[in-house]
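[1] with the input below, show me the fold.
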Amino acid sequence: MRVLGRMGVKPQGGIPGQTGAYVLREGRLHTMPRGPVTLLTTDVLSLAGKLEVARLLAGLGRIDPEPLGSLSTREWLDTRLAREDSRALVAALVRVATYCADHTALSAQAAVKQLQAALAANVLYVDGGWSTLVDAVERLTREAGVRLELSTRVEAVVLQGARVEG
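    Residues are numbered from 1 along each chain as shown. Alright, predicted model coming up:
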């Protein structure tokens with residue numbers, strides 16, 4: 001948001017509602033856990049699953065995401081959570097926090113960082129979707145005289161002062 005703001009891009013959107021959130025599992029709606037009370041009362045998780053998720057979420061702020069760069073989110077979930085229902089719920093939280101459903105491609109580092117940020121300050125659902133941000137940045141770069149190379153492999157990014165060279 002800071003980078004977009006400095007560029008003059010101000011995303012419009014809203015924060016997901018604090019009440020009335022549900023999880024669809026096996027054709028049934030279940031209360032989405034939004035805190036300790038709803039985590040204890042939801043029927044989307046077994047008792048063992050509730051305890052496992054509670055432990056993970058309670059310690060999430062103390063997890064250093066830096067060493068997780070080589071792990072996919074799927075691998076991280078598989079190693080951190082023994083229960084399928086726990087993995088499914090945390091995977092849903094990751095989808096909401098990161099806007100990414102491909103947990104095989106998403107690094108655990110990025111997922112944990114975004115989960116930490118989302119739990120601290122929630123997330124912004126962008127009106128019109130992420131493409132509105134991409135379109136705004138593209139327009140600004142073209143106006144600045146930047147030549148965009150689409151579908152081109154990036155070998156490296158070099159930051160030199162205020163300039164980025166690829």
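[2] make it CA atoms for all contacts and neighbour counts henceforth
    Fine.
[3] how many neighbouring residues does residue 76 have?
    20 (other Cα atoms under 10 Å).
[4] what about the closest residue to it other than its chain neighbours, neighbour count?
    Nearest residue to residue 76, sequence neighbours excluded (Cα to Cα, 6 or more residues apart in numbering): residue 108, at 6.1 Å. Residues near residue 108, counting by other Cα under 10 Å, number 25.
[5] give me the pLDDT value at residue 108.
    Per-residue pLDDT puts residue 108 at 97.
[6] hmm, it is touching residue 69, no?
    Yes. The pair residue 108 / residue 69 is scored as a contact, 6.2 Å apart, by Cα atoms under 8 Å.
[7] which regions of the protein lie under the pLDDT threshold?
    16-20, 162-166 (pLDDT under 70).
[8] give the contact list for the residue sitting furthest away from the middle of it.
    Centroid-distance maximum for the chain: residue 145 at 32.0 Å, with Cα atoms, centre = their mean. Not one residue lies near residue 145 by Cα atoms under 8 Å, 6 or more residues apart in numbering.
[9] wasn't it part of a helix?
    No. Assigned with DSSP: H, G, I helix; E, B strand; the rest coil, residue 145 falls outside any helix and is coil.
[10] got phi/psi on it?
    phi 90, psi 10 (degrees, to the nearest 10).
[11] leaving out the residues flanking it, which one is nearest to the most centrally placed residue in the chain?
    Against the mean C-alpha coordinate of the chain, by Cα atoms, centre = their mean, the closest residue is residue 98 at 1.8 Å. Distances taken as Cα to Cα, 6+ apart put residue 114 closest to residue 98, at 6.2 Å, once the chain neighbours are dropped.
[12] if anything else comes up later, I'll come back, but that's it for now.
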